[in-house]
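Visitor: A predicted structure for the sequence below; I have some questions about it.
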Number of protein chains: 2
Amino acid sequence: MANYKVGRQSFRLPNPPVITAWASVAGKKESQGPLGSFFDVTGQDPYWGQKTWEQAEKRMQQLALETLAKKAGISTRDFNLVFSGDLLNQCIGSSFSLRNTGIPHLGLYGACSTMSESLLLAAMTVGGGFARNAVAMTSSHFASSERQYRFPLGYGGQRTPTAQWTVTGSGAALVEEAGSGPRITGCTIGTVRDLGIQDANNMGAAMAPAAFDTIKAHLEDFSRTPEDFDLIVTGDLGQLGKDALLMLGQEEGLSLGGKIADCGTMIFDATRQDVHSGGSGCGCSAVTLCGYLLDKVKKGELRRILFCGTGALLSPVSTQQGLPIPGVCHGVSIEGG
Amino acid sequence: MANYKVGRQSFRLPNPPVITAWASVAGKKESQGPLGSFFDVTGQDPYWGQKTWEQAEKRMQQLALETLAKKAGISTRDFNLVFSGDLLNQCIGSSFSLRNTGIPHLGLYGACSTMSESLLLAAMTVGGGFARNAVAMTSSHFASSERQYRFPLGYGGQRTPTAQWTVTGSGAALVEEAGSGPRITGCTIGTVRDLGIQDANNMGAAMAPAAFDTIKAHLEDFSRTPEDFDLIVTGDLGQLGKDALLMLGQEEGLSLGGKIADCGTMIFDATRQDVHSGGSGCGCSAVTLCGYLLDKVKKGELRRILFCGTGALLSPVSTQQGLPIPGVCHGVSIEGG
């Protein structure tokens, strides 16, 4: 039997699957940010023509999938399989966007790590020959997340300095066995890490240890150093979580400085968009990857990146029960075609 | 590149991964049912020594994982990867059971189809050479499910005749590239089906169309008939959902009668356990498979089964917003070693 397992947590893809197309859908605030001009579809209506924010999220996923098919020059019926998940209870953004489409679907829950989790599984599925192509997709919505995890928006609660702003958006990537585009060459599966952070308004701190562990595991498993990457991109640590990650690196003698970029600090302009510690949510890393980073890899401006979606495995139930917030992070190595 | 894709929704495993060990953990009511004597661990305390029902579910998953390692004669640290998910918001049964264990984890959301979804992905991961072994695991709990999806238990709501009883239990299976035990030879990935059922107390009806679609797709993709299986086992349709599935078969000219068994009708004795339409929940198919069915396959009493976990992609949010309940079902073909 083939053996592509590398080290404790990783696997390589000797016939690297290709990301042949990608699509991004983003909301109003995101369209006004530094990456605003890169998104395929932007919308000014927080309801996206739907009755509820949750259905708006479903609509964004539908738009991402349709845009992806269009950019790939195929029909959505040609997708062999969609890996997707979101932050809503029971992942209704994903299941409602795919209902009655006839597209095979495997649902995921990885919180804000879902873009890298779905990409990793799509690469495995296609790289292993189990499908000709697979889609990796996720979404988040500021308003549906706030009311689910924190306070009703109408309450007008004051946000703490450590809070992050959930990105309204959806990203989707098509992974195929052949074609032109960035290639997925190796992946690292994260473990669930919990150092006891209990503040639902400080998710960067909750996720930083998981991000550090996965980056370290990837470098060890593949005998690489940070210098082997143009960028190591974390999902949504925000400014404080990014600082915590760099500090963990210093403590453990692993110099990450200069290589780390965080989607949460890239997507908004902290000086004028009042987002406190930065962006967050499944959509944060999804639209940054599918709106901005993959284009850079395609153009050769980035040769190899380690894309590390970071998830705070937070639940209102566990929070109310006084439990801490475990974190998880999955790493996907993406290289120029 | 290898091509194991079969038909529209399926893939085959030419080097079939082996289910080398399995473990089941079940609650009091389940231990009093027809399968009660088959479970590895049973508990009389609905809290399993924890402070909350949600943490009890975490504890059952921990016990399932520990029992699995013991039965496999290895340490939990030897597990390469755990695929798991549950019904709790943000899948906290799974993430809290695995936190700080150091075991790589990919979180799933497939509602009550999670046992087959996780088994399918474990088979793909091991069959494709991306890991030496992988665990498929899930759980559910009557009390945590009732308060999350329906009414607080203290309210004493009357259950409708179509209602099902969520199984308190957890099941886990170890899939390895070699060894002795039942083999996974082919899988069919489900699509999300929604025929407009809106009653959170009639999930059998919501899931039956998805179950029918996946069984039909499996038979078509592999050019098989129901006669090729000793049993086609659905996850938790209950008596009414099973009747609906058989009716759909008749309408479409596919005779399933005599081959269909539903874990929801096997796990409780409807005549004396007052469960109305039968058992349900991720744990229902998980403990029936990992407590009862896999032993039957191992002993040669069942030669080939199609295990079809069925999921109602129900959310209290979508229910409150007046939306219907989409269903999904994934099929895993399991054969004697």
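Guide: Good, I have the coordinates.
Visitor: Neighbours of residue A:245, how many?
Guide: Counted by other Cβ atoms under 10 Å in any protein chain shown, the residues lying close to residue A:245 total 28. All C-beta spots, glycine's among them, are computed from the backbone N, C-alpha and C.
Visitor: who are the neighbours in contact with it?
Guide: Residues in contact with residue A:245 (Cβ atoms under 8 Å, 6 or more residues apart in numbering or on different chains) are A:208, A:211-212, A:234, A:237, A:256, A:260.
Visitor: and which of those residues is nearest chain B?
Guide: Proximity of the contacts of residue A:245 to chain B, judged by Cβ to the nearest Cβ, is greatest for residue A:212, which lies at 14.1 Å.
Visitor: what sits against the closest residue to residue A:70 other than its chain neighbours?
Guide: Of all residues not flanking residue A:70 in the chain, residue A:23 sits nearest, at 8.0 Å (Cβ to Cβ, 6 or more residues apart in numbering or on different chains). Going by Cβ under 8 Å, 6+ apart, residue A:23 touches A:40-41, A:64-65, A:67-68, A:70-71, A:171-173, A:290.
Visitor: Just list whatever residues bridge to residue A:23.
Guide: Going by DSSP bridges, residue A:23 is paired in beta bridges with residue A:172.
Visitor: pLDDT at it, what is it?
Guide: Residue A:23 carries a pLDDT value of 98.
Visitor: distance between the ends of stretch A:168-187?
Guide: 27 Å (Cα to Cα, to the nearest Å).
Visitor: So which of the contacts of residue A:245 are in strands?
Guide: A:234, A:260 (DSSP state E).
Visitor: need the contacts of residue A:245 in a markdown table with neighbour count, pLDDT and distance to residue B:278, can you?
Guide: Putting the contacts of residue A:245 into a markdown table (neighbours: other Cβ atoms under 10 Å in any protein chain shown; pLDDT from 0 to 100; distance: Cβ to Cβ, whole Å) gives the following:
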| residue | neighbour count | pLDDT | distance to residue B:278 |
| --- | --- | --- | --- |
| A:208 | 29 | 97 | 46 |
| A:211 | 34 | 98 | 44 |
| A:212 | 25 | 98 | 47 |
| A:234 | 34 | 98 | 46 |
| A:237 | 35 | 98 | 46 |
| A:256 | 22 | 95 | 53 |
| A:260 | 22 | 98 | 52 |
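Visitor: Just the strands from the stretch 151-300 of chain A, written as ranges.
Guide: For the stretch 151-300 of chain A, strands defined by DSSP state E, counting those that start in this stretch occupy the ranges A:165-166, A:169-176, A:183-188, A:231-234, A:260-262, A:279-280.
Visitor: quick one, which of the ones you listed is packed in tightest?
Guide: The highest mean neighbour count among the strands of the stretch 151-300 of chain A, using mean count of other Cβ atoms under 10 Å in any protein chain shown, belongs to strand A:279-280: a mean of 34.
Visitor: need the helices for chain A, in chain order.
Guide: Assignment of helices within chain A using DSSP state H yields the ranges A:28-31, A:53-72, A:92-98, A:114-127, A:142-149, A:203-221, A:238-251, A:263-266, A:282-288, A:294-298, A:316-320.
Visitor: looking at those helices, which is buried most?
Guide: The highest mean neighbour count among these, using mean count of other Cβ under 10 Å, belongs to helix A:282-288: a mean of 37.
Visitor: is that helix anywhere near chain B?
Guide: No - with Cβ under 8 Å from any Cβ of the partner chain as the criterion, chain B is not reached by helix A:282-288; the gap is at least 12.1 Å.
Visitor: Would you mind writing the CA trace of that helix as PDB?
Guide: Coordinates of the C-alpha atoms in helix A:282-288 are reproduced here as PDB (Å, rounded to 0.1, in the frame of the first residue of the first chain):
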ATOM      1  CA  CYS A 282     -14.200  31.000   8.700                       C
ATOM      2  CA  GLY A 283     -14.700  33.600   6.000                       C
ATOM      3  CA  CYS A 284     -11.700  35.500   7.100                       C
ATOM      4  CA  SER A 285      -9.000  33.000   5.900                       C
ATOM      5  CA  ALA A 286     -11.400  31.800   3.200                       C
ATOM      6  CA  VAL A 287     -11.700  35.100   1.300                       C
ATOM      7  CA  THR A 288      -8.100  36.100   2.000                       C
END
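Visitor: what does that helix rub up against?
Guide: So helix A:282-288 is contacted by A:24-26, A:30, A:35, A:39, A:60, A:85-87, A:111-112, A:114-116, A:137-141, A:166-172, A:233-236, A:263-264, A:266-267, A:307, A:309-310 (Cβ under 8 Å, 6+ apart).
Visitor: quick one: stretch A:216-234 near chain B?
Guide: No - against chain B, stretch A:216-234 shows no contacts by Cβ under 8 Å from any Cβ, the least distance being 8.7 Å.
Visitor: residues making contact with that stretch?
Guide: Residues outside stretch A:216-234 that contact it (Cβ under 8 Å, 6+ apart): A:6-10, A:12, A:186, A:188, A:190, A:211, A:215, A:241-242, A:245, A:252, A:254-256, A:259-264, A:285, A:288-289, A:293, A:302-308, A:310, A:329, A:331, A:333.
Visitor: at 7 Å instead, please
Guide: Residues lying outside stretch A:216-234 but in contact with it, judged by Cβ atoms under 7 Å, 6 or more residues apart in numbering or on different chains, are A:6-10, A:186, A:188, A:211, A:215, A:242, A:245, A:254-256, A:259-263, A:293, A:302-308, A:310, A:331.
Visitor: ok, what's across the strand from residue A:176?
Guide: Under the criterion used (DSSP bridges), residue A:176 bridges to residue A:18, residue A:133.
Visitor: That one touches residue A:18, doesn't it?
Guide: Yes - if you go by Cβ atoms under 7 Å, residue A:176 and residue A:18 touch, sitting 5.4 Å apart.
Visitor: picking that back up, quick one: which of the helices of chain A is nearest residue A:181?
Guide: For residue A:181, the closest of the helices of chain A is helix A:294-298, at 6.2 Å, according to Cβ to Cβ.
Visitor: helices or strands up against the closest one?
Guide: For helix A:294-298, there is no helix or strand it packs on, judged by 3 or more Cβ pairs under 7 Å, 6 or more residues apart in numbering or on different chains; DSSP states H and E.
Visitor: gap between it and the chain center?
Guide: From the chain centre to the centre of helix A:294-298 is a distance of 16 Å (Cα atoms, centre = their mean, to the nearest Å).
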